[in-house]
Every structure is written in C-alpha cells, then in structure tokens.
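A.B. asks: from the sequence below, what's the structure:
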Amino acid sequence: MSLNDFFRVNLPYGLKKNSKKEWIAFNREYMPLGWNTTSRQENIHSESSYSELPVYTTYRALTDNKISSIIDEKQIKRNEDGTIHMFFLYNDKTNPQSTPAYWGEYFEKIKVLSKLSVRHGDNEW
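C.D. replies: The predicted structure follows:
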C-alpha cells in the first residue's frame, strides 16, 4: 500500500502509546497522521518512534477499559504485563474505504475517541 489518497494519509488507522502514557495516531502506513510520504519512516513499534516531533498526546480517559469497550480484542496489542500499548480502528477485512458497509463502525470509534479531553502537563485543554 502507499500513501496515495486522503483516507490513507489523514484518517487514523490506529493509536500507539509510549512509556509516558502519551498516544500517537498513525495512518495506514504507520506514519503520524497527515504525513504523505514514507521517506523518513521510523518503526512505529519502537519506544522512540517520532519522539523528536510533537505528535504525542495524553488523553485523560483513554484507559484500557475504554479501549476494550470500543475495539475488538483482535485489534489490540498488549505489553507483557497485559496493558494496551497499541490498537487499530480497522483491519484489511473491515477497511471502510474498501468495504463501505464498515464506515458506520469506523466512525462510531472515531466519535468515542473525539470526546476524549487532552491533558498537557498539569493542565487540561
């Protein structure tokens, strides 16, 4: 796959958490949202991926329970201790761009995530 359309560049494929409990949303090519090239791609599975860029965010209520309530367990990646460190909003079978019947399911997940408040330091925005 390549970053050749709006969906793959700008809409989230998944989110990944680092050790600071900050999240990064990534597109279908595992790049931060909005990136339209893979020329500077870093391994999204690495703790330090894109650490020099301001793309990580802390969400107050993005807990394992919240994630498990909206994401199928098969779409969740867990650490050795069982905590969630990455999840996907769709897979090849449920890709809404390929199979339009899945747009509703995808946007329901986006709706839940869109209501999460951001925490910046000790202040909430």
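
A.B. asks: so Lys16, which of the three states?
C.D. replies: strand (DSSP: H, G, I helix; E, B strand; the rest coil).

A.B. asks: just say helix, strand or coil for the nearest residue in space to it that is not next to it in sequence.
C.D. replies: Once flanking residues are discounted, Lys16 sits nearest to Met86: 4.4 Å by C-beta to C-beta, 6 or more residues apart in numbering. C-beta coordinates here come from the backbone N, C-alpha and C atoms, glycine included. Put simply, Met86 is strand when judged by three-state DSSP.

A.B. asks: any idea what Met86 is bridged to?
C.D. replies: Lys16, Lys77 (DSSP bridges).

A.B. asks: the helices in this structure, which residues?
C.D. replies: For the chain, applying DSSP state H gives helices covering 6-10, 64-70, 103-114.

A.B. asks: roughly how far apart are the residue lying closest to Thr38 once chain neighbours are set aside and Leu11?
C.D. replies: Spatial nearest neighbour of Thr38, chain neighbours left out: Glu29 (5.5 Å); criterion: C-beta to C-beta, 6+ apart. Going from Glu29 to Leu11 by C-beta to C-beta, to the nearest Å gives 12 Å.

A.B. asks: one step back: neighbours of the residue nearest to Thr38, how many?
C.D. replies: Neighbour count of Glu29, defined by other C-beta atoms under 10 Å: 18.

A.B. asks: other residues contacting stretch 41-49?
C.D. replies: 16, 18-19, 24, 26, 29-31, 50, 86 (C-beta atoms under 8 Å, 6 or more residues apart in numbering).
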